[in-house]
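Enquirer: only geometry, no sequence info:
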């Protein structure tokens, strides 16, 4: 663990940043359970100043100012689901793009939206409500994530059919493939070598890395029982600065780091199968991001 991580501790209604030594160094509890409740995914803006937060069953997305620890922007109406202008239905993840726009997978509306935060106007819409089928980019079948790549393309995950597609901002499909051996893909991410890593949100859960060109699985993790078993993991990523894999093991109340070679769990925050709010405990952690932006230890130089 070379960097701290910010965890979306969903049922504790808070964001929590912990260091590799498991110290809590930053926390953002809900300022108001009416407007901010059930944060399930969290992602830093490209400059590290803001956090984009999605709340599926509160039907909205937010920006949190990291330094001010304040809620500074929202889209969607709390407790109101819909597809009319300004409404969302189960938004699953949100990312701030390099140009300042925000992208979200509006899952139960079967669409991916790009919104201008200044005007709250939808500037791109892929997919249509009530037209849930796989025909990207015109239609998507319950999209679960829209992750920006370094060149500006978007990686879209669809839960039904296990499709993962790479789409340009202009709406051109670069490729679209079924994630091999995955029954319920959750928030696919790119790897450093151009492959795709995706969590299978099942029990037992699985993590798969595959080559989208050949659809060949190059690494996977699955344990059928015991402490190493995952239960509905919601997110898996390569851990920046290492060769390891970090996973939000949602229903086992923990975030874990898995050694890629030995497939052992080598780091964990949260107590396995125990919900809690005290230091060291989590309650349904669904998302996280890696804080590469700050000199959190004082002896390291923050990376851009």
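Expert: Great, that's in hand. Computed from a predicted model, the values in this text were never measured in an experiment.
Enquirer: Next up, the contacts around the closest residue to residue 130 other than its chain neighbours.
Expert: In space, and not counting its chain neighbours, residue 130 is closest to residue 110: 7.4 Å by C-beta to C-beta, 6 or more residues apart in numbering. No exception for glycine: its C-beta is placed from N, CA and C like everyone else's. Listed by C-beta atoms under 8 Å, 6 or more residues apart in numbering, the contact set of residue 110 reads 127-132, 139-143.
Enquirer: Among the residues you listed, name the ones in strands.
Expert: Those of those mapping onto strands are 127, 143, per DSSP state E.
Enquirer: okay, who's weakest in the contacts of residue 110 by pLDDT?
Expert: The lowest pLDDT within the contacts of residue 110 belongs to residue 130, with 91.
Enquirer: distance of that one from residue 280?
Expert: 44 Å (C-beta to C-beta, to the nearest Å).
Enquirer: do residue 97 as well
Expert: Per C-beta to C-beta, residue 97 is found 35 Å from residue 280.
Enquirer: try residue 52
Expert: For residue 52, the distance to residue 280 equals 26 Å [C-beta to C-beta].
Enquirer: So which of these two has more stuff around it?
Expert: Using other C-beta atoms under 10 Å, the more surrounded residue of residue 52 and residue 280 is residue 52, with 24 against 13.
Enquirer: so what's the more buried one bridging to?
Expert: Beta-bridge pairing of residue 52 under DSSP bridges involves residue 43, residue 63.
Enquirer: Against residue 207, how distant is it?
Expert: For residue 52 relative to residue 207 (C-beta to C-beta), the value is 23 Å.
Enquirer: Can you name the residues in contact with stretch 229-237?
Expert: Outside stretch 229-237, the residues that touch it by C-beta under 8 Å, 6+ apart are 40-41, 186-187, 189, 197-207, 221-223, 245-252, 286-288, 290.
Enquirer: Kindly provide the whole-number mean pLDDT of that stretch.
Expert: The model assigns stretch 229-237 a mean pLDDT of 98.
Enquirer: Would you mind measuring the gap between the ends of that stretch?
Expert: From its first residue to its last, stretch 229-237 covers 17 Å (C-alpha to C-alpha, to the nearest Å).
Enquirer: residues of it that come out buried?
Expert: Within stretch 229-237, the residues that qualify as buried by neighbour count (16 or more other C-beta atoms under 10 Å) are 230-237.
Enquirer: What does the nearest residue to residue 158 once chain neighbours are set aside show for phi and psi?
Expert: Leaving aside its chain neighbours, residue 158 sits nearest to residue 141 (4.8 Å; criterion: C-beta to C-beta, 6+ apart). Taking degrees, to the nearest 10, you get phi -110, psi 90 for the backbone angles of residue 141.
Enquirer: so who does residue 141 touch?
Expert: With C-beta under 8 Å, 6+ apart, residue 141 has these contacts: 110, 132-134, 158-161, 163.
Enquirer: Check residue 73 too.
Expert: Residue 73 touches 62-63, 117, counting by C-beta under 8 Å, 6+ apart.
Enquirer: Tell me which two in the contacts of residue 110 are the farthest apart.
Expert: 130 and 143 (14.3 Å; C-beta to C-beta).
Enquirer: The two - which one has more neighbours?
Expert: Using other C-beta under 10 Å, the more surrounded residue of residue 130 and residue 143 is residue 143, with 29 against 8.
Enquirer: Give me the distance between that one and residue 34.
Expert: Counting by C-beta to C-beta - residue 143 and residue 34 are separated by 27 Å.
Enquirer: same check, this time on residue 280
Expert: Using C-beta to C-beta, residue 280 is found at 29 Å from residue 34.
Enquirer: Residue 6 now?
Expert: 23 Å.
Enquirer: Then residue 274?
Expert: 29 Å.
Enquirer: more neighbours, the two?
Expert: The residue with more neighbours, out of residue 274 and residue 34, is residue 274; 13 against 10, by other C-beta under 10 Å.
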